[in-house]
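> Predicted structure and sequence below. I'll ask about it afterward.
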Amino acid sequence: QVQLVESGGGLVQAGGSLRLSCATSGRTFRSYAMGWFRRTPGKEREFVAAISWGGSITDYADSVKGRFTISRGNAKNTVYLQMNSLRPDDTAVYYCAARDGGASRGEGEYGYWGQGTQVTVSS
């Protein structure tokens, strides 16, 4: 059974930091690109960041560039999202996703998804 499990969400004050983790199991995701997306109530899920299977290529949404960092663990089957200088508009459910291919911003290109973790940033 393929699983992506996010953790690390929570409540934080504006300006604070959180580190999200996404653990994968059930198959070898080391050769898969990974992405983070987020959804707020009433809005569509949006791209946040993506990383290639080897970790050498990263991509970020303009809204998080310079504040968020995506990375992979040494075994390449865990992906992290370090979120600094958090703002209230970062409040959302954050999802990790995996795709058999290069890093992409396209939600529809990811075949595997986690259940999401809530991030709430208070002002």
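That came through, no problem. Numbers count the residues shown, from 1 in each chain.

> Let me see the backbone angles for E109.
For E109, the backbone dihedrals are phi -90, psi -10 (criterion: degrees, to the nearest 10).

> what sits against it?
Residues near E109 by C-beta atoms under 8 Å, 6 or more residues apart in numbering: R99, G101. C-beta: built from backbone N, CA, C; applies to glycine.

> Just the pLDDT at it, thanks.
In this model, E109 is scored at 96, pLDDT.

> And for the residue positioned nearest the centre of the chain, nearest residue in space, chain neighbours not counted?
The centroid of the chain falls nearest to W36 when counting by C-alpha atoms, centre = their mean (2.5 Å). Among residues not flanking W36 along the chain, V48 sits closest, at 4.3 Å (C-beta to C-beta, 6 or more residues apart in numbering).

> pretty sure that neighbour is in a strand, no?
Yes - counting by DSSP: H, G, I helix; E, B strand; the rest coil, one finds V48 located in a strand.

> Spell out which residues sit in contact with it, please.
Neighbours of V48 in contact, by C-beta under 8 Å, 6+ apart: G35, W36, F37, R38, Y60, A61, V64, F68, L81, Y94.

> The residue nearest to the centre of the chain and V93, how far apart?
Here W36 is placed at a distance of 11 Å from V93 (C-beta to C-beta, to the nearest Å).

> same deal with S21?
On the measure of C-beta to C-beta, S21 and V93 end up 15 Å apart.

> Same question for A103.
21 Å.

> got it, and G66?
Here G66 is placed at a distance of 23 Å from V93 (C-beta to C-beta).
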